[in-house]
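Participant: sequence and predicted structure are below.
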Amino acid sequence: MSPVDLSEELMEVDSSPRLHGTERSTSRRRVFTLEHANRTLPFVKRVVADIVKQHRKVCALEDKCHIRRPSVSREDHERTRDQYKVELEKLRWLADELSSVGCRLRDWQRGIIDFRSVYQGREIELCWCLGQERIEYWHEVDEGFPCRRLIDDGFSAELIHSDLVASGAEPAA
């Protein structure tokens, strides 16, 4: 199997030029309150930091796999391909670990995560990015990071557990 075939097997990614395809994990996305999503952040921060670091490593190895340099022996090139497969599997494991939380990884390079929620009876995404202390933004489901809006007091007051119950969704634990 070629390195390109391996990278296409990874879960859904919106912004990575190299790693794309369909969602790999069978974990169902949860519906979060703002409070519940913020409570997951200590774990999410650690995993996302590892994903961003591992993604860089996989991309660097992928570049080496695609470019056969005359100065590199066939054996060294094969070792690089084998190392790529190992590192890619580590990235898959991290992505599955994050998926188990119920959030969605949107950008492997910047560490952008969306948490599905309900606001005024409609699904939205609570948006978090690596480096932020807490979730401060949200956007509509069909929008993305560039369209995110600040969570203000009025928004927070309406984003309550009763919206989740009314939607019939399971709140995250």
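Facilitator: Arrived safely.
Participant: helix, strand, or coil at the residue most central in space within the chain?
Facilitator: Geometric centre of the chain, nearest residue: residue 105, 1.4 Å, by CA atoms, centre = their mean. Three-state call for residue 105 (DSSP: H, G, I helix; E, B strand; the rest coil): strand.
Participant: bridging residues for it?
Facilitator: Beta-bridge partners for residue 105, by DSSP bridges, are residue 113.
Participant: quick one: it and residue 97 touch, right?
Facilitator: No. Applying CB atoms under 8 Å, one finds residue 105 not in contact with residue 97, separated by 10.6 Å. For glycine as for every other residue, the C-beta is placed from the backbone atoms N, C-alpha and C.
Participant: residue 137 and residue 34: what is the separation?
Facilitator: To residue 34, residue 137 is 11 Å away according to CB to CB, to the nearest Å.
Participant: also residue 119?
Facilitator: According to CB to CB, residue 119 and residue 34 sit 10 Å apart.
Participant: ok, the residue nearest to residue 114 when sequence neighbours are not counted - how many residues close by?
Facilitator: Residue nearest to residue 114 in three dimensions, not counting chain neighbours: residue 125, with 4.0 Å by CB to CB, 6 or more residues apart in numbering. When neighbours are defined as other CB atoms under 10 Å, residue 125 has 25 of them.
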